[in-house]
Structures are given as structure tokens and as C-alpha cells.
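Peer 1: The sequence isn't on hand, but the structure is:
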């Protein structure tokens, strides 16, 4: 029994890891865009210089949100479209006062006004004719609480506004975030410089020159992936005596938040929080001149 027990111990961890993969394993790997971890230059050297890079990351919850709702209406005239849309917009934006959102936090964006056509069929002729006009508008709202977004959905639905176009996450402390990342990157570069010189035995001049800097944020919307979990049977028609119409059951498409791969960073200032938020990255490269 001992050999069998040992085999089970070897197999069990793989089996457990497969179970915790989740339904995201149904995701099409061909459509998946991996993180660009490690794609930038880590160390570049010429006969007279070498370049070191630090890549550091900081997770930050948003302190403001820009929420965009879209709505449209079709009527015989553009004036009638505007009147109907404005009535719904006024009712919706007025209800937002209960969330502490003022008029200064709301902007109405006119997106498009277009003609709408249809076809009239008579015998074998399809003649196009003007049905009316369509006007599209967006309501852009600035708020400070993520919980307010869920409340907005209910208030919008009362006015037949169902299209939540986008939610943009904003941090108002980018200067402070940059300072924290810069200090961390400077320490990483100092550590790498010391280690590289110790290993190579080379000597460098005291002064160093900034070579490249890239400071940017990653919005949560770019980190969402989707999949459709299904295992379907098949219908074969080997003798070709029958023609089948296949009627499939609708499948729900699921979206999930996929955190950044941390392996491509020299320093992560804080662990990824449970709350979905912003990620700030600083890539800093310094050029050092070798003593000859």
C-alpha cells in the first residue's frame, strides 16, 4: 500500500489546483492579451555605458468616478425627440440630488442626431422611406462613492434609461502617487547598480543620467475578461436523409476582473486589494557611464 499512497500524494496537489481554476478556464486563450511583464529593457550595456531599469507598481482605490448613461429616442421630428429626451433627463438628474450630487457634477452630452429609414414592401420591390429622427444623448455624472453607482442604476431605470455606457475611475492624488513610486524606483535602481557592479567588477562615474521615464495608470476596464462556460453535444446526419434545425439554449457570457501579473515588477508597494481600483506604474531607466 505504501507505493500507492505515495502516488496519491503526488497526484493530489495537481487535482486540487485544477479545481480552483474556476470557470474562467473556458476562456478562449487565443483572445487573451497577456500582461507586458518583462517586455521592457531590464539591463542594456554598451562599451562605455549601461542602463538599468526599475518597474514599480502601486494599487490605489479611486476617490472619484465618472459614470456615463446613454439614452436615445425616435420621433417624427428632431424637436419632438429632444422634448421627450429632456423630460426623462430632467427627471433622472433631479432624482440624483438625493445622492448628494449637484448640478455641477452633471453634464449632458449630445452624441448624435440622425434620420431613421425603413422599407415598404410591395410585390418584389422594397422602397425605402423616412420613418423619423433619432437623437442620442449621454448623461455624465461625477460621484465620490462606488455605492452611488448602484443607486443610480435604479434611478435611471425609472426613466427607462438602461444603458450604463462607462465608469471611469479617478484618483485626485497623482502627484503624491508619483512621488511614492519615484522614491521606490530610486531604491530599486540603487540596489541593482550596487549588485551589478559587485558582480561585474566594473567601475562607473559618479554622475548618472535619466534615460527614460514612463508613468501611467491602468483603468479597471482594461483588466476585465469574459468567457462562456458550456459543454455541448453534437448532431450528426450521417445518412443525410433528414435536415435538422439546431435550436441552442442561450448561454450567459460572464465577465470577471483579472488582476495584473505581479511577476514583471521589481517592487509592488502594496498587495492587490479586494476592491477593484486603479493601478499606477512607473518605469524608470538610468544610464551610467563606465570608467575606462
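Peer 2: Done, it's in. From a predicted model like this one, the values you see are computed outputs, not experimental measurements. Numbers count the residues shown, from 1 in each chain.

Peer 1: ok, residue 58 - how many residues close by?
Peer 2: 19 (other Cβ atoms under 10 Å). Just so you know, the C-beta spots here come from the backbone N, C-alpha and C atoms, and that holds for glycine as well.

Peer 1: Test my guess that residue 188 contacts residue 181.
Peer 2: No: taking contacts as Cβ atoms under 8 Å, residue 188 lies outside contact range of residue 181: 10.3 Å.

Peer 1: Which SSE is immediately downstream of the longest strand along the chain?
Peer 2: Longest strand in the chain by number of residues (criterion: DSSP state E): strand 125-143. Using DSSP states H and E, the next helix or strand after strand 125-143 towards the C-terminus is helix 146-157.

Peer 1: Can you give the strand pairings for the helix or strand just after that next one, parallel or anti for each?
Peer 2: Past helix 146-157, further along toward the C-terminus, the next helix or strand under DSSP H and E is strand 163-170. Here strand 163-170 has these sheet partners by DSSP bridges: strand 64-75 (antiparallel).

Peer 1: ok so, going back, the longest strand of the chain - contacts with which helices or strands?
Peer 2: strand 64-75, helix 78-95, strand 106-122, helix 146-157 (3 or more Cβ pairs under 8 Å, 6 or more residues apart in numbering; DSSP states H and E).

Peer 1: mean confidence for the second one?
Peer 2: Helix 78-95 shows a mean pLDDT of 96.

Peer 1: And for the third one?
Peer 2: Here the mean pLDDT over strand 106-122 is 95, rounded to a whole number.

Peer 1: Give me the contact list for it.
Peer 2: Strand 106-122 is contacted by residues 70, 74, 78, 81, 89, 93, 96, 126-142 when judged by Cβ atoms under 8 Å, 6 or more residues apart in numbering.

Peer 1: and if you look at the longest one?
Peer 2: Contact with helix 78-95 is made by 69, 71-75, 103, 106, 108, 113, 133-135, 137, 139, 155-156, 158-161, as judged by Cβ under 8 Å, 6+ apart.

Peer 1: quick check: angle from it to strand 64-75?
Peer 2: Angle, helix 78-95 to strand 64-75, by axes from the mean of the first three to the mean of the last three Cα atoms, to 10 degrees: 150 degrees.

Peer 1: Go through helix 78-95 and flag the buried ones.
Peer 2: 81, 82, 85, 88, 89, 92, 93, 95 (16 or more other Cβ atoms under 10 Å).

Peer 1: Identify the residue spatially nearest to the first one, adjacent ones excluded.
Peer 2: By the measure of Cβ to Cβ, 6 or more residues apart in numbering, the closest residue to residue 81 outside its immediate chain neighbours is residue 135, 3.9 Å from it.

Peer 1: Bridge partners for that neighbour, pull those for me.
Peer 2: Beta-bridge partners, per DSSP bridges, of residue 135: residue 73, residue 113.

Peer 1: From residue 80, how far out is it?
Peer 2: The gap separating residue 135 from residue 80 is 9 Å, by Cβ to Cβ, to the nearest Å.

Peer 1: How about residue 185?
Peer 2: Residue 185 is 58 Å from residue 80, by Cβ to Cβ.

Peer 1: try residue 292
Peer 2: 81 Å.

Peer 1: what do you get for residue 91?
Peer 2: Distance from residue 91 to residue 80, by Cβ to Cβ: 17 Å.

Peer 1: Three-state assignment for residue 196, please.
Peer 2: helix (DSSP: H, G, I helix; E, B strand; the rest coil).

Peer 1: Residue 53 is in contact with that one, correct?
Peer 2: No: the pair residue 196 / residue 53 is not scored as a contact, 11.7 Å apart, by Cβ under 8 Å.
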